[in-house]
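Engineer: for reference, the sequence and a predicted model appear below.
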Amino acid sequence: MRTTDGTAPVPDPALGEYAAMGSVALTDAERWPTLDRDGLARVDAWRGRPDAPAWVHATGDRLDAADLAVLERTRARLAQQATPTVEPAWVAELVARVHADVPRWRRAAREGRSGPTTPLQDLPTTTRADLTDAAAHVPLDVPLDRVLEGSSSGHTGAALNVPLHPVSVAADLVLLQHLVASTGADWPPDPDRLGLVNLVDQRASFTYVSAMTAFGGPSDAPVPVMARVNLDPSVWRSAGDRERFLAAADPQVISTSTLPLLQLLDLARDGLDLHPVAVVNGATDLPPAVRDAVAARWGCPVVDLYGLRETGPIAASTDGHGHVVVPRRVWVEILDDQGRSVPDGERGEVVVTVDENPYLPLLRYRTGDTAALVRDHRGTVLVGLQGRAPVRFLAADGSWHSSIDATQLLQAYGLAGWELVQAADGVVRLTALPLVGVTVDPAAAGDAIARWLDRPVRVEVVTDPSTLGPGKPRRFRSDAQEDS
Amino acid sequence: MRGGEPDGPALATLVHRLALAPPDLVEPTVSASALVADVAVSLDGTVLDRRVLRALDTDLKTAHRAPLVGLVCWLVLDPAVHEAPGVRAAAAGAGGRTGWFLRVVEGVQRVLAGQRPDREWVQDDVAREELARAFCRLGGVLPAGERAETADDRWLAVSSAYQRKVAQSMAVEVARAEELARALAEQRAKEAAAQYANY
């Protein structure tokens, strides 16, 4: 398999985890325990194309036959299940279970603050900061032999390590199939194309080829292959490779977020010939103009998927008119600043109770995003969802850079929270909240941002998280214009 | 009175009386079953029959029980205890003072025996409070002036058995956190799995 031979090293000394194949541990047989020789050969063929990018990582879906059976049951459930409009029974069962098995809630029970029969609305909320102590949220009775380290992408400033299970990760694919089918689009296995591309556009990213063994369908159908691909020019070996690879792959489903999608639309306008079955947007808001541009360019449906790494998918919009809560074990509340439930139709913070990832059942998790909730024939619908705005910063040479790059840097330099602001005149200011107990030099984080944008950065260090104000603790704003 | 229930004895009364307990009560040689029989007579004239006394003798052969029962006898003999309105009401519900008293005698062995060295029940502040609160709980009364929630909280704060359970739970949780950290640090976990959507 080819890696980063002859390509640029990681873009910042602090981003060593993105060194090529630095996080690889398994054999291909372990990556796809059920994949046959033909499937492995097709994975290798995509890896080894002369126009392929320098792959940074190798990973599979880790699914064994028992996992695939579980996912088939998930698929059947998705087809039947409607979104509940009243609190489903599993919520009370989850409350009881976590008070027996999850350290944070066991502690609450010991101290008499809550118990197995406490109604959900009487329980305290859970914040992103709470999850920095991941072990407090992992049930004691779940074997840890399947645990995977997940991290959120940092599109909107959040980056967190989350314990994941292979089945809950692969359930995303089954849900995407369900959502794509709900638009009327047909997504059959096609051995000549990539079944899905997960597309990013950032300086450093894990990229890989994988087989989608949970795709389902006839047992003799070839297992579709997917790839995670970075549009950033620095990861491709030769000019034109990116376009050649993508044209050859002609991915059936393009799963991405707003900024890479805009970049891909630019490439398509310049002649890249793609025929997606559907486009899936995640992590960031999808402006109506971008949805329209996809429809105009490719004539395919767009699924805007709302979720967090910690919770998995929460809701999806296939028509741009509200995000319908997906038919998983996810229950959504809308709360005001004081944590009180607001009436349907009023805006508040989206708070989620979810029981899908066996390593991370969550009660009343505060997403930091806001919406109003309505219940109609579609089920439970989040209207006016806000909080996922992608942010771009303008470098001195006039190039635009995603806030994801900044998240990677600021986190790597040990910051727990920050506010990175670029004024209309291009001036950059960083308010840095270092991690407690970690010896870091916040100025080094400022220097890394300065190198990234080739601009001076004013750094202010704070030690009190409340200094950053309410809302998400990792925030970006850029008022820069093309001529800043 | 709180919530319609009459007050039991004041906790301070019980704790103070434990501090004044005759030292020989916590000697292993004390004949606790004889004491129980004497207290029954003194409470309401009940003469315990041979069957009850034989059962008591059998129970009290187990180590650490006799001193606790001796101290319960010492507490009950105080009129500030057995005349407390809450105790009178509880005794009425238990078929008389002796019936109530025997219930406490049985319970205190079950709940506290072996939780602490015998002498601590009179010499240590927290141990005295633990025994005083156990006495009230087993007797079905609240310490004078306390609400049920407060009494429950304070009981958990001094209960040796509960604190031991908490310590065991916490040890399990700490071990699990270490196991999780090791599992996540393994390269197998770091290789992660292919992802299909962005978050």
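Structural biologist: Cool, the structure landed.
Engineer: in its sheet, what does the helix or strand containing residue A:281 sit against?
Structural biologist: Element membership for residue A:281, per DSSP states H and E: strand A:278-282. Here strand A:278-282 has these sheet partners by DSSP bridges: strand A:253-256 (parallel), strand A:302-308 (parallel).
Engineer: what does the next helix or strand after that strand rub up against?
Structural biologist: Next helix or strand after strand A:278-282 toward the C-terminus (DSSP H and E): helix A:288-298. Helix A:288-298 is contacted from outside by A:258, A:261-262, A:265, A:268-269, A:274-276, A:279, A:281, A:300, A:302, A:304, A:320, using CB atoms under 8 Å, 6 or more residues apart in numbering or on different chains. C-beta: built from backbone N, CA, C; applies to glycine.
Engineer: contact partners for the nearest residue to residue A:42 once chain neighbours are set aside?
Structural biologist: If the residues on either side of it in the chain are set aside, residue A:42 comes closest to residue A:225, at 5.4 Å by CB to CB, 6 or more residues apart in numbering or on different chains. By CB under 8 Å, 6+ apart, the contact list for residue A:225 reads A:39, A:42-43, A:46, A:194-195, A:209-212.
Engineer: in the stretch 351-484 of chain A, what residue is nearest chain B?
Structural biologist: Nearest to chain B, among the residues of the stretch 351-484 of chain A, is residue A:359, at 8.6 Å (CB to the nearest CB).
Engineer: returning to that earlier point: export the strands paired with strand A:278-282 to CSV and tack on mean neighbour count?
Structural biologist: Below are these laid out as CSV (neighbours: other CB atoms under 10 Å in any protein chain shown):
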stretch, mean neighbour count
strand A:253-256, 27
strand A:302-308, 25
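Engineer: need those in a markdown table with mean pLDDT, can you?
Structural biologist: Shown next, in a markdown table, are the strands paired with strand A:278-282 (pLDDT from 0 to 100):
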| stretch | mean pLDDT |
| --- | --- |
| strand A:253-256 | 97 |
| strand A:302-308 | 96 |
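Engineer: pull the CA atoms of stretch A:94-109 into CSV?
Structural biologist: These are the backbone C-alpha positions of stretch A:94-109, laid out as CSV (Å, rounded to 0.1, in the frame of the first residue of the first chain):
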residue,chain,number,x,y,z
LEU,A,94,-32.1,3.9,30.4
VAL,A,95,-32.4,6.2,33.4
ALA,A,96,-32.7,3.1,35.6
ARG,A,97,-29.9,1.3,33.9
VAL,A,98,-27.3,4.1,34.1
HIS,A,99,-28.0,4.6,37.8
ALA,A,100,-26.8,1.0,38.2
ASP,A,101,-24.0,0.8,35.7
VAL,A,102,-22.6,4.3,34.8
PRO,A,103,-20.2,5.8,37.3
ARG,A,104,-21.5,9.4,37.0
TRP,A,105,-25.1,8.3,37.7
ARG,A,106,-24.1,5.7,40.3
ARG,A,107,-22.4,8.5,42.2
ALA,A,108,-25.6,10.6,41.9
ALA,A,109,-27.5,7.7,43.3
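Engineer: buried residues of it, list them for me.
Structural biologist: A:94-95, A:97-99, A:102-109 (16 or more other CB atoms under 10 Å in any protein chain shown).
Engineer: over to the residue nearest to residue A:42: give its phi and psi.
Structural biologist: Main-chain dihedrals, residue A:225, degrees, to the nearest 10: phi -110, psi 140.
Engineer: before we move on, the earlier item: filter the buried residues of stretch A:94-109 down to the ones close to chain B.
Structural biologist: With CB under 8 Å from any CB of the partner chain as the criterion, the buried residues of stretch A:94-109 include A:103, A:106 near chain B.
Engineer: mind checking the SS state of the residue most central in space within chain B?
Structural biologist: Geometric centre of chain B, nearest residue: residue B:134, 2.9 Å, by CA atoms, centre = their mean. Classification of residue B:134 using DSSP: H, G, I helix; E, B strand; the rest coil returns helix.
Engineer: residues in contact with the strand holding residue A:281?
Structural biologist: Strand A:278-282 has contacts (CB under 8 Å, 6+ apart) with A:176, A:179-180, A:183, A:185, A:187, A:252-258, A:261, A:290, A:294, A:298, A:300-307, B:197-199.
Engineer: hey, what's the angle from it to helix A:288-298? Just curious.
Structural biologist: Per axes from the mean of the first three to the mean of the last three CA atoms, to 10 degrees, the angle that strand A:278-282 makes with helix A:288-298 is 160 degrees.
Engineer: go ahead and confirm residue A:384 touches residue A:347.
Structural biologist: Yes: Residue A:384 is within contact range of residue A:347, at 6.6 Å (criterion: CB atoms under 8 Å).
Engineer: what touches both of these two?
Structural biologist: In contact with both residue A:384 and residue A:347: A:370-372, using CB under 8 Å, 6+ apart.
Engineer: on that earlier part again, partner residues bridging the residue nearest to residue A:42?
Structural biologist: Beta-bridge partners, per DSSP bridges, of residue A:225: residue A:211.
Engineer: from what I see, residue A:419 and residue A:430 are in contact.
Structural biologist: Yes: assessed by CB under 8 Å, residue A:419 is found in contact with residue A:430 at 7.5 Å.
Engineer: on that earlier part again, among the strands paired with strand A:278-282, which is nearest residue A:480?
Structural biologist: Of all these, strand A:253-256 sits nearest to residue A:480, with 23.4 Å by CB to CB.
Engineer: can you list the residues of chain B near chain A?
Structural biologist: B:152-153, B:156, B:166, B:169, B:172-173, B:176-177, B:179-181, B:183-184, B:186-199.
Engineer: make a PyMOL selection of the buried ones in those.
Structural biologist: Buried residues within these, by 16+ other CB under 10 Å, are selected in PyMOL with:
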select buried, chain B and resi 156+166+169+173+176+177+180+183+184+188+189+190+191+192+193+194+195+196+197+198+199
